[in-house]
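[1] give me the fold of what follows.
(4 chains, ligands or ions: 4)
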Amino acid sequence: MAVQPEHPTSPQIAAGQDLAIELRGISKAFGAVQANKSIDLAVRRGTIHGIIGENGAGKSTLMSILYGFYRPDEGEILIGGQPVAITDSRAAIRAGIGMVFQHFKLVQNFTVLENVILGAEDGALLRPSLARARGELQRLARDYEMQVDPDEIVEELSVGHQQRVEILKALYRQADILILDEPTGVLTPAEADHLFRVLQGLRDEGKTIILITHKLREIMKITDNVSVMRRGEIVGTVATADTNPTAMAEMMVGRKVILKVDKAPARRGAPVLEIRGLRMVDDAGVERLRGIDLDIRAGEILGIAGVAGNGQSQLLEILGGFPEVGSKLSGRIAVNGHELPLDGRGADGQARRRAGIGHVPEDRQVEGLIMDFDAWENAAFGYHDAPEYNRGLLMDNAAIREDARGKMARFDVRPPDVELAARNFSGGNQQKIVVAREIERNPDLLLVGQPTRGVDIGAIEFIHKRIVELRDAGKAVLLVSVELDEIMALSDRIAVMFDGRIMGERLPEEATTTALGCLMAGMEPDAGPVQAAGGART
Amino acid sequence: MILTPLISLALAFAISAVVILAIGESPVEALKVMVEGALGSSYGWGNTLYYTTNYIFTGLAVAVAYHAGLFNIGGEGQATMGGLGVALCCLFIPWPHWTLALLGAAVAGALFGALWALIPAWLQAKRGSHIVITTIMFNFIAYNILTHLLSKTLRPLGSMDPATANFPPATHIPGLWQLAEMMGFAWGKHSLANVTLFIALLMAFLVWVLIWRTRLGYELRAFGKSEPAARYAGISPVRITIITMLISGGLAGMMAVNNVMGMSERLILNAVEGAGFFGIAVALMGRNHPVGIVLAALLFGFLFQGGAELSLWTSIPRELIAVIQGLVILFTGALDNMVRLPLERLFAARRRKEG
Amino acid sequence: MDVMTVVQILDSTVRLMTPLLLACLAGLYSERSGIFDIGLEGKMLMAAFSAGAVAALTGSAVLGLLAGILGSLALALVHGLASITFRGNQLISGVAINLFAGGFTVLVGQKLFGLGGRTPPVSGNARFSEITLPGATAIRDVPVIGPIYSEIISGHSPLVYLALLAVPLTWWVLYRTRFGLRLRAVGENPASVDTAGISVTRLRYSAVMICGVLCGIAGAYMAISLSAGFVKDMTAGRGYIALAALIFAKWRPWHALGATFLFGLLEAISNRFPQLHLGPITLSESFMLTLPYILTVVILAGFVGRAIPPRAGGEPYVKER
Amino acid sequence: DPALIFDLGGKFDKSFNEAAYMGAERWKAETGGSYKELEMQSEAQREQALRRLAETGANPIVMTGFAFAEVLKKVGPDYPDTKFAIIDAEVDLPNVQSIVFAEPEGSYLAGVLAAMASKSGTVGFIGGMDVPLIHKFECGYVQGVKAQNPDAKVIINYTGTTPAAWNDPVKGGELVKAQKSQGADVIYAAAGGTGIGVLQTAADESILSIGVDSNQNHLHPGKVLTSMVKRVDNSVFDAFTAGADLEPGLKVMDLASDGVALAMDENNQPLITPEMQAAVDKASAAIKAGEIKPHDYMTDNTCPVQ
Ligand SMILES: Nc1ncnc2c1ncn2[C@@H]1O[C@H](COP(=O)(O)OP(=O)(O)OP(=O)(O)O)[C@@H](O)[C@H]1O
Ligand SMILES: Nc1ncnc2c1ncn2[C@@H]1O[C@H](COP(=O)(O)OP(=O)(O)OP(=O)(O)O)[C@@H](O)[C@H]1O
Ligand SMILES: [Mg+2]
Ligand SMILES: [Mg+2]
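    Numbering: from 1, shown residues only, chains lettered A, B, ... in the order given. Ligands and ions are numbered 1, 2, ... in the order given. Predicted structure coming up:
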């Protein structure tokens, strides 16, 4: 292995140097899960320090501990050389730490201003605090060019802007250590670049920044040092200059990985899915889909790229038969030439499955699985009224268990225990259960949402292979992912969605990240912005 | 884990003991009276089992709804309406034999109870109005309706009692003691428990089948755990909510067979007497599993019968029972983490030592 | 229907709505902080008893009021313990508290006074007497405003005015103070409050305590102001009506005033007109008595607009599974 | 020993059950004997209680309230050597004495008195839970009022339709205020615990009230016009004294047998003018003589006058 884990801090960052943060022997367990195992980490003042690692490696947990959100089981924290007891977030804030969480901590129905002052009010009365905050906010927005309307209700803001609010919150509290947990997952490449400029600006002011990300590209781009986590441990800290993506990927997973999927060219057949003028207006009256036209043929994978919140989820949910409650739909959907109803009993998930549509949903923990059900129960979820799972009035639990054992074996779910509750499988293995369930039904059309979110690289390889196999078996696949790399690697055709529209289609061989990035931001690569109205929402 | 409810229970009783002391009585004495009165004789058992039967029905009603993530506080009203159904069916249908009458009444009670649960269910499913409040309100409404009917319409002329006429003999179902006599041995003469107990146990079994062996049960549990997942799987929240509440209300309504047809043999005003509420505690203590519910129902049956004896033979006011029941619900229902978490930590520590 | 009738009905409405209003505001604080509370009924009952008992023993209404508040606070604390510290089921805790209070009050009352749970009738200083606002008698005979001021506005127990003042106060606290901001935040998204360095637990406890105090005043008002002593179960379901009013009011102070006024008015009318003759149809006595509950259901059915509870309501704040 | 069973209202309901309790206590005081008492907790217990007492050899067993009638019909025959007395209901068994009260007669007199005491010519009636028994009081009362003053107005309210109606002094008070605003200046309360609130508020509002069941004049001396007492205490006392040889059959407690009466004592003495007294005496004489027959609501669920 490139770097020896037994070295708590690698040569470049030795103690004694001007350290903003030093963590010593931090451990944290959630029930049976050892999320952090005696972690040592040192971060130099005025640097951007990257942290990478598979999902569930313990990155967020570690940072949440530093921010006082979780209490460590063991270990001590030094800020600027002084040990500080960070018992809660208040202590962390006082120590000059600010954090932008992976999942934002904003009060949805408060204004930006209210969110900013919450917890940092000047006195018992709001008015003066609000007044000061308003001015301060304008100043910060100007200095870091992060404009947001202080009186806008947060839930009305796009994810990108909500993130700005989180950053402004931290700056308003005069944080000089800023932690960002996977900030770019929800941003367009353009937005991400802007964020990085802001971060660099902050660093040049002498602030210290910790950046958690999955994207090696970003690490290489702006970090000074990078620490790699695996399974709750830091396996190494190196100066970014001295390393390269493949080395880091290796460090993350602990073995060589092929980042590229090798697949034969697509042999397209008859059209399987035809979508015409599909529109959707949600409960709040916002038009989420503004007339979608799509075709997918047998034997091809259509990838839909786009920043989260531009209608991809809605599209999948509608096709899967569970559009947002209270939403209004119009347009036409046909599978294998048979038109499908858009609402009513005939349009629910059961009917869709009968029509030959399988669906790996975007969020396995909320939709794809019942976390409290055992693996075997989950393995039949959605197909529970299929004849082979039932005997007369009763369910044939024996048959379901048997079937589940097979699936878990074939998809190498670990541990291969059908009696274990879904909650107790790791993210990747949870995902394998879902993928097994849907693929083994051998559907004509497979909907796949964020198939590898929360899945380690090993599992990614495996799941990608299965999807390609299905396509080679002459089935159609609709793939939605926010990971451009994944889209590029898997798709036979790429469509980019922005603000409820298909901005354009590209073939992977001719598509460039920048071109797609423009489309994702709502701009024709050559022409200017198509329309600014609306913007992405979550 | 079975230990948790037991310890919670112990705590509840400990505090009750303090209350008894506070009002200057002897807890030991009280406990002795309760145990002897409720379990000390076949007669005591006969009455304990009568109350147990009520609580099995209401406990199951709460549990079924609970599995679907619905909190049915309306057992009281549903059982009240069930009583109306049973009464009408016993009074106005000429039954040839009690067995048929029993079936008829069970159906009628279940039907009325189910219908009384239907509106709150529909409101919850369609308009998202909180089922807890609506069912509470429906308890009041049911009571008002019943009072009106009993004092204005159904009351036989010249009778003071806001109650229906006595049911015809053909609808009198045998008590357990009568069955015992038929089989030629004396047991709990004149005690209240009757054949409805068997229906209750049958229902417990059927509920178990429903929840863990049928498609409906599977969908209902899935919905209870996660609505988004249920919708993904093509399970209609509206449908499940309504069906579940119909079943829940039906079970509560069926209780009337025991207290109206089996015990008072006519419909009286406050026939339900809180069984609907105690069903909540029973379901909780029984961890929403039929077997647990039957056991918990037995406990509450003991509490009620024992409490009766208490007010029969001591000067302790009857309200003590309400206090004890309140405490039991509090500790087994709302404060159970207080017991469970430390226990879990303890066992976790154990395991670490071993492993 | 002449003016005096209207005046009398409104006058009675003010009295009848007061306990509802106090309880409703109590629930507002608790539920705005994310703690559902169907134990209002039990807390009011406990307060009514403690107030009645202490007032009877000490002969002081003020001490009675304090006792009422303490009694209610004790149960509020239990609810807090169950739903905040031990993350229990808030609904069940409420049910238990109501049941417990129902029995406990009678049990102790019987022990203390041997009157089957009733407290001896209180009078004089042991009771809040009605205060006449300045000038009430003077302008009594002025048409319209005369009766309105002297009958409806003036001549109520101080607790009535306290309750009415609680409305603007609550509004101010909720929307104009730091505490209010944090309270609303913790009911919507406790994590946001937590990561802002504020203790969710402390915030929610303070809300539950305020709820206890207000329920205490409500109970005391019933026992030693409206009537002269405690009678078992004297809250007679008002706690539940208050809860319904809270939902009707969409958890907003001024709306709460309106909602409880409506329910008070309804009861006042059914008192005044046991049967209501509306042209051809006659609303029977028992129907009039059932009306509040039916109305509640109709309101909840959202026919007057959907009510969205605080997002984190009813959910204990769990960081680590 | 004898035994006394109270109905669900509980022995301290300040009226009916409490009166029975008084009788038993008086018997205890005078004879030095001891007796067994118990309160019902639930409907299901009625039969249980009767049987348990009978088995422990209690005799006679006195029970208050019509609700026992059905159970007694069931239990009575099983214990032929035990004597039972039931108050407010008729049970035709060889070992049962049924004691019924002529509430209409007493209420009639109360009505007469109310009509005379009223200056406004409007009087009120406030019932507890809306059940037949209370209509019996109401109907007798209305008849008395009308007999005394044909164009008098009677305002009638019931507190509710659930048992809560027996324990809602707040609402009782509001009802008084409502009735007062309609001109009522004498109000007859037949409402258990709610009645406490009625009498209280009437006193606060300085109008007259009429108590019920037991003598409530002392609650607010000079403010309570009178109380329509049912001498439940007497019948319990008698039953206890008769002991094991309590004679079965129907025992009607009416004016003639002093079973019902208007309470006259030093507390309401200043309120009662001689002509009131005279009118009451006249009416009661007529009733005793059978010249006036106050209609009993129970016979046909209707009241002749409104
Ligand atoms: N609140 C919690 N309760 C229980 N387990 C948790 C909790 N938070 C995290 N975990 C578990 O702890 C481990 C580390 O989680 P963590 O979120 O730190 O990983 P991560 O590196 O941030 O992953 P990701 O890249 O998806 O953010 C995982 O197994 C996760 O399931
Ligand atoms: N939310 C959770 N609550 C409790 N335990 C959890 C939770 N999430 C994960 N775990 C436990 O933590 C272990 C590690 O989960 P985690 O999701 O971190 O795995 P992982 O490192 O992401 O592996 P994978 O790459 O397969 O996702 C799992 O085996 C599971 O038992
Ligand atoms: Mg993370
Ligand atoms: Mg994971």
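[2] tell me the phi and psi of the residue nearest in space to the middle of chain D?
    Residue closest to the mean C-alpha point of chain D, counted by Cα atoms, centre = their mean, is residue D:213 at 3.5 Å. Backbone geometry at residue D:213, expressed as degrees, to the nearest 10, gives phi 70, psi -80.
[3] equivalent analysis for residue B:164, please.
    phi -80, psi 170.
[4] just to revisit the earlier point, tell me the spacing between the residue nearest to the centre of chain D and ligand 1.
    Distance, residue D:213 to ligand 1, using Cβ to the nearest ligand atom, to the nearest Å: 64 Å. C-beta: built from backbone N, CA, C; applies to glycine.
[5] beta partners of that residue?
    residue D:229 (DSSP bridges).
[6] okay, buried residues for the lowest-mean-pLDDT helix or strand in chain A please.
    When each helix and strand of chain A is scored by mean pLDDT, DSSP states H and E, helix A:245-253 comes last, with a mean of 78. Under the neighbour-count criterion of 16 or more other Cβ atoms under 10 Å in any protein chain shown, helix A:245-253 has A:247, A:248, A:249, A:250, A:251, A:252, A:253 buried.
[7] how about a markdown table for the residues you listed, with distance to ligand 3 added?
    Converted to a markdown table, the buried residues of helix A:245-253 look like this (distance: Cβ to the ion, whole Å):
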| residue | distance to ligand 3 |
| --- | --- |
| A:247 | 22 |
| A:248 | 17 |
| A:249 | 18 |
| A:250 | 21 |
| A:251 | 18 |
| A:252 | 14 |
| A:253 | 17 |
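[8] in CSV, list the residues you listed along with distance to chain D.
    Shown next, in CSV, are the buried residues of helix A:245-253 (distance: Cβ to the nearest Cβ, whole Å):
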residue, distance to chain D
A:247, 77
A:248, 72
A:249, 72
A:250, 75
A:251, 72
A:252, 68
A:253, 69
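[9] wouldn't residue B:3 be in contact with residue B:343 here?
    Yes: using Cβ atoms under 8 Å, residue B:3 makes contact with residue B:343 at a distance of 6.2 Å.
[10] what sits up against stretch D:255-266?
    Stretch D:255-266 is contacted from outside by D:101-103, D:105-106, D:109-110, D:113, D:211, D:215-218, D:221, D:226-231, D:234-235, D:252-254, D:272, D:277, D:280, D:284, D:287-288, using Cβ atoms under 8 Å, 6 or more residues apart in numbering or on different chains.
[11] repeat that for stretch C:72-79.
    Applying Cβ under 8 Å, 6+ apart, the contact partners of stretch C:72-79 are B:330, C:35, C:37, C:39, C:42-44, C:46-47, C:50, C:90, C:93-94, C:97, C:100-101, C:208-209, C:211-213, C:215-216, C:219.
[12] what's the neighbour count on the residue in the stretch 51-200 of chain A that ligand 2 sits nearest to?
    Closest residue of the stretch 51-200 of chain A to ligand 2, Cβ to the nearest ligand atom: residue A:56 (2.1 Å). Look at residue A:56: counted by other Cβ atoms under 10 Å in any protein chain shown, it has 19 neighbours.
[13] check the nearest residue to residue A:322 once chain neighbours are set aside and give its pLDDT.
    Distance criterion Cβ to Cβ, 6 or more residues apart in numbering or on different chains; nearest residue to residue A:322, sequence neighbours excluded, is residue B:231 at 4.0 Å. With respect to pLDDT, residue B:231 has a value of 94.
[14] one more: the one 3 residues further on?
    Each residue has a pLDDT score; the one for residue B:234 is 93.
[15] what's it in contact with, if anything?
    Residues in contact with residue B:234 (Cβ under 8 Å, 6+ apart) are A:321, A:322, A:348, A:349, A:350, A:351, A:352, A:353, A:382.
[16] look at residue D:270 and give its secondary structure.
    The three-state label given to residue D:270 by DSSP: H, G, I helix; E, B strand; the rest coil is helix.
[17] that one: what's its closest spatial neighbour, skipping adjacent residues?
    residue D:222 (5.9 Å).
[18] mind checking how far residue C:291 is from ligand 2?
    For residue C:291, the distance to ligand 2 (Cβ to the nearest ligand atom) stands at 49 Å.
[19] just the element for that residue, please.
    helix C:285-298 (DSSP states H and E).
[20] what of residue A:83?
    Residue A:83 belongs to strand A:82-84, assigned by DSSP H and E.
[21] for that strand, packing partners?
    strand A:74-79 (3 or more Cβ pairs under 8 Å, 6 or more residues apart in numbering or on different chains; DSSP states H and E).
[22] the helix or strand harbouring residue B:209: which residues count as buried?
    In this assignment (DSSP H and E), residue B:209 forms part of helix B:196-213. By 16+ other Cβ under 10 Å, the buried positions in helix B:196-213 come out as B:196, B:197, B:199, B:200, B:203, B:204, B:207, B:208, B:210, B:211, B:212.
[23] reformat these as TSV; add pLDDT and distance to residue D:70.
    Shown next, in TSV, are the buried residues of helix B:196-213 (pLDDT from 0 to 100; distance: Cβ to Cβ, whole Å):
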residue	pLDDT	distance to residue D:70
B:196	96	19
B:197	97	23
B:199	97	24
B:200	97	25
B:203	97	28
B:204	97	31
B:207	97	34
B:208	97	37
B:210	96	37
B:211	96	39
B:212	95	43
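[24] rewinding a little: wait, which of the buried residues of helix A:245-253 is closest to ligand 1?
    Of all the buried residues of helix A:245-253, residue A:252 has the smallest distance to ligand 1: 10.7 Å, by Cβ to the nearest ligand atom.
[25] got the contact list for that closest one?
    For residue A:252, the contact set (Cβ under 8 Å, 6+ apart) comprises A:52, A:53, A:54, A:57, A:228, A:229, A:230, A:457.
[26] which residues touch the residue in the stretch 201-350 of chain B that chain D sits nearest to?
    Per Cβ to the nearest Cβ, residue B:318 is where the stretch 201-350 of chain B lies closest to chain D, at 4.0 Å. By Cβ under 8 Å, 6+ apart, residue B:318 lies in contact with B:307, B:310, B:311, D:39, D:41.
[27] out of those residues, flag the one nearest to ligand 1.
    residue B:307 (43.5 Å).
[28] measure the closest one to chain C for me?
    Using Cβ to the nearest Cβ, to the nearest Å, residue B:307 is found at 10 Å from chain C.
[29] tell me how many other residues crowd that residue.
    Residue B:307, neighbours per other Cβ under 10 Å, totals 27.
[30] then residue D:304?
    When neighbours are counted by other Cβ under 10 Å, residue D:304 registers 12.
[31] helix, strand or coil: sort out it for me.
    coil.
[32] and it, backbone torsions?
    According to degrees, to the nearest 10, residue D:304 has phi -60, psi -40.
[33] the residue nearest to residue D:270 touches residue D:267, doesn't it?
    Yes: using Cβ under 8 Å, residue D:222 is in contact with residue D:267, at 6.8 Å.
[34] and those two? Which one has more around it.
    Applying other Cβ under 10 Å to residue D:222 and residue D:267 shows that residue D:267 carries more neighbours, namely 20 against 14.
[35] which SS class is that one?
    Classification of residue D:267 by three-state DSSP places it in coil.
[36] residues of chain A that sit close to chain C?
    Within chain A, the positions near chain C by Cβ under 8 Å from any Cβ of the partner chain are A:30-31, A:67-70, A:88-94, A:99, A:101, A:105-110, A:114-115, A:117-121, A:123-127, A:129, A:423.
[37] now the closest residue to residue B:309 other than its chain neighbours, what are its backbone angles?
    In this structure, residue B:309 finds its nearest non-sequential neighbour in residue B:37, 2.6 Å apart by Cβ to Cβ, 6+ apart. Here is the backbone geometry of residue B:37 (degrees, to the nearest 10): phi -70, psi -30.
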